[in-house]
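Got a predicted model here, sequence first, then my questions.
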Amino acid sequence: MIYFTFLTLAGAMNAIGYMYEVSSTNLDAAIIACKVMYLGSPFIGPLYLMFALDYINKPLKKRWLTALIFIPAAVFSIAVFAYPGARVYYSELGYSTAGWQPHLAVTPGPLYYPCFIYEFALVIAGAAILIYGFMRDKTRNHTLIFLVSAVLPMSAQIINFTGVLPGQMNTVPAALTATIAMLSWYLARYRRLEWQSLGRELVVQNMNDAFILIDANRQILDSNDMARRYFPELTNARPGTQLSAIPGFPAGALAESGDFDFDLRVDGVDLFLHLSSTALKHSGASIGACLLIYNNTVNHLMMAELSRLAHFDDLTGLNNRTAFFRDAKRMYELCRRQRGYPGSALMMDIDYFKKVNDTYGHAVGDDVLRRVGALLNRRVRRTDICGRYGGEELCLWLPSTNTEGSLKVAEDVRAAVENMEFSSDKGSFKITVSIGVASADGTEPLSFEDVVKRADEALYNSKRAGRNRVSVYDGAVLI
């Protein structure tokens, strides 16, 4: 509205000056009236262009560009005021009473026609910017008003140049007055709609969440830039396109729930999104829905990391003690309920681990635990459960595995660890492990904790017998 206010003022100065010119009685008075006109006339083109840019919410952000647009207008105005000392805008001005009204008889100077060309160019540019913006945003009801506002004064100026009207009548002030009056009426009449359009541009288009508006038949009515980033086909979708026709959109999930999570791959990145649907009603009847899609990726990844930290040991990559007992115990109880073979527990301890830490340092000790944990993850079945019991003690649960099978697994693990080689600043070294095995065949009323306790006892049998061996719990028999 600031540029429109100054545009109105410039048009008023042009009209007032012309009114004084046609009512003047001598040349000096007519020249003064002409200078009043040119306080506003050269600035109409620049002000209209700036108004157009602001109206579609694309204002010039660089001050030097704004100055570049207004400097020529200021030069033209100063050139008029410099007459008769400097005859660069008018070569000569005379006073004539021929025709139906007194007027100035003008002999153009070198800046006369450049001024009109400059004004014409800026008004045409402003009109083109407005019409392009209206067509892009599908607000065609604006187009006619602003097209007329640009064409009317330009047509009046062309009429003046061609001399079509008799009596040297200048139609530009009247055309400018009519144009500004029409724009003022339009802006006042549609002020509420204009604020709605501006609100959509500033809020809906620039929001960080995706916005999709659909009707009662799930046909697309509108969407913002973020929605088109998630679903590029929305860019080409015409109003009335079915939502289910947009590739990647979870239309099936929306049919079942108005509030759900879904994942989507955008520009090679996996996003975790949340959709919330709000029904739109009129007179109690549903007329559509507003869909908001939030990017929940950060929270999802944070929750996943918290879950990982709560479930896994960060050093070995194995389940932590709590997660091991929870998951293995659940599987143990399930096997017992189905009257199957519950399985076997393995308890494993790295031999002389304190010596490793004391000799090579805790960083090397951590690397030993890390690599042994990775070995267990590689060698066990997907249904087997590995965990870090505490310190250098690791545990395994092999569901539906009898003693013979679990002994084979334990021996394979023991031999694999024995063949591993570790490096340090003090040279390379090897380690060994002691393992205890206990099985539950379902014939005894054992709890899962009882089975683990027996495996732990077998582990201590291995240690007492010299380490680097596997022992099974059956009356302290060593294997």
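Looks like it came in fine.

Give me the contact list for the longest helix seen in the chain.
Counting by DSSP state H, the longest helix found in the chain is helix 112-136. Applying C-beta atoms under 8 Å, 6 or more residues apart in numbering, the external contacts of helix 112-136 come out as 41-42, 44-46, 48-49, 51-53, 55-56, 58, 69, 72-73, 76, 89-90, 106, 140, 142-143, 146-147, 149-151, 153-154, 157. C-betas here are computed from N, CA, C, even on glycine.

Got a quick ChimeraX command for the buried subset of these?
Only the buried entries of the contacts of helix 112-136 go into this ChimeraX selection, using 16 or more other C-beta atoms under 10 Å:
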select :41,42,44,45,46,48,49,51,52,53,55,56,69,72,73,76,89,90,106,142,143,146,149,150,153,154,157
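
Mind checking which of the contacts of helix 112-136 are in strands?
90, 106 (DSSP state E).

any weak-confidence spans in the stretch 51-200 of the chain?
99-100, 134-144, 146, 160-169, 187-200 (pLDDT under 70).

Recalculate using a threshold of 80.
Residue ranges of the stretch 51-200 of the chain with pLDDT under 80: 55-58, 96-106, 120, 127, 130-200.

Quick one: the helices in it, in order.
Per DSSP state H, counting those that start in this stretch, the stretch 51-200 of the chain carries helices over the ranges 63-81, 112-136, 143-162, 172-189, 191-199.

wait, which of the ones you listed is closest to Gly343?
Gly343 lies closest to helix 191-199 among the helices of the stretch 51-200 of the chain, at 64.2 Å (C-beta to C-beta).

Contacts for the helix or strand just after that closest one next, please.
Proceeding N to C from helix 191-199, the next assigned helix or strand is strand 210-215, under DSSP states H and E. Residues from elsewhere that reach strand 210-215 (C-beta under 8 Å, 6+ apart): 204, 220-224, 226-227, 229-230, 234, 243, 273, 287-293.

Buried ones in strand 210-215, by neighbour count?
Buried-residue list, strand 210-215, by 16+ other C-beta under 10 Å: 210-215.

what's the answer for stretch 436-445, then?
Buried residues in stretch 436-445 (16+ other C-beta under 10 Å): 436-440.

Export those residues as TSV, with columns for distance to His311, pLDDT and secondary structure.
Shown next, in TSV, are the buried residues of stretch 436-445 (distance: C-beta to C-beta, whole Å; pLDDT from 0 to 100; DSSP: H, G, I helix; E, B strand; the rest coil):
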residue	distance to His311	pLDDT	secondary structure
Gly436	25	95	strand
Val437	25	95	strand
Ala438	25	94	strand
Ser439	26	91	strand
Ala440	24	88	strand
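
Show me this protein divided up by domain.
The record's domain parsing of the chain by automatic domain parsing lists 2-198, 208-300, 312-472.

what's the span of the second one, first residue to last?
Just to be clear, that refers to domain 208-300. By C-alpha to C-alpha, to the nearest Å, the extent of domain 208-300 from end to end equals 17 Å.

what about it, distance to the chain center?
How far domain 208-300 lies from its chain's middle: 14 Å, per C-alpha atoms, centre = their mean, to the nearest Å.

Going by residue numbers, what spans are helices in the stretch 251-400 of the chain?
Using DSSP H, counting those that start in this stretch, helices in the stretch 251-400 of the chain cover 251-256, 297-311, 321-337, 353-360, 362-379.

the inter-axis angle of the second one versus helix 321-337?
Direction vectors for helix 297-311 and helix 321-337, defined by axes from the mean of the first three to the mean of the last three C-alpha atoms, to 10 degrees, enclose an angle of 70 degrees.

Show the average pLDDT along helix 297-311.
Averaged across helix 297-311, the pLDDT comes to 79.

Next step: the contacts of strand 210-215 restricted to strands.
Judged by DSSP E, the contacts of strand 210-215 include 220-223, 273, 287-293 as members of strands.

Farthest-apart pair in these, please.
Greatest spacing in the ones in strands among the contacts of strand 210-215, by C-beta to C-beta: Leu273 and Ile287 (25.4 Å).

Quick check on those two: which one has the bigger neighbour count.
Per other C-beta atoms under 10 Å, whichever of Leu273 and Ile287 has more neighbours is Leu273, with 20 against 11.

and the gap between the residue nearest to the more buried one when sequence neighbours are not counted and Ser276?
Among residues not flanking Leu273 along the chain, Ile293 sits closest, at 5.3 Å (C-beta to C-beta, 6 or more residues apart in numbering). Per C-beta to C-beta, to the nearest Å, Ile293 is found 8 Å from Ser276.

which one of those two has more residues nearby?
Between Ile293 and Ser276, counted using other C-beta under 10 Å, the more crowded position is Ile293 (23 against 13).

Touching, the more buried one and Ala227? I think so.
Yes: taking contacts as C-beta atoms under 8 Å, Ile293 lies within contact range of Ala227: 6.9 Å.

Send over stretch 5-19 as PDB, restricted to the C-alpha atoms.
Output in PDB follows, covering the C-alpha atoms of stretch 5-19 (Å, rounded to 0.1, in the frame of the first residue of the first chain):
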ATOM      1  CA  THR A   5      -0.200   5.600  -1.900                       C
ATOM      2  CA  PHE A   6       2.700   7.300  -3.700                       C
ATOM      3  CA  LEU A   7       1.300   6.300  -7.100                       C
ATOM      4  CA  THR A   8      -2.000   8.000  -6.100                       C
ATOM      5  CA  LEU A   9       0.000  11.100  -5.100                       C
ATOM      6  CA  ALA A  10       1.900  11.100  -8.400                       C
ATOM      7  CA  GLY A  11      -1.300  10.800 -10.300                       C
ATOM      8  CA  ALA A  12      -2.900  13.600  -8.300                       C
ATOM      9  CA  MET A  13       0.100  15.900  -9.000                       C
ATOM     10  CA  ASN A  14      -0.300  15.200 -12.700                       C
ATOM     11  CA  ALA A  15      -4.000  15.900 -12.600                       C
ATOM     12  CA  ILE A  16      -3.700  19.100 -10.500                       C
ATOM     13  CA  GLY A  17      -0.900  20.500 -12.700                       C
ATOM     14  CA  TYR A  18      -2.900  19.900 -15.900                       C
ATOM     15  CA  MET A  19      -6.000  21.500 -14.300                       C
END
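
Run through who's touching it.
Stretch 5-19 has contacts (C-beta under 8 Å, 6+ apart) with 33-41, 43-44, 47-48, 51, 170, 172-174, 176-177, 179-180, 184.

Pull the distance from that stretch to the chain's centre.
Offset of stretch 5-19 from its chain centre (C-alpha atoms, centre = their mean): 46 Å.

what comes up buried for that stretch?
6-8, 10-18.

where does the closest residue to Val417 other than its chain neighbours land on pLDDT?
Closest residue to Val417 apart from its sequence neighbours, by C-beta to C-beta, 6+ apart: Val433 at 4.9 Å. On pLDDT, Val433 comes in at 95.
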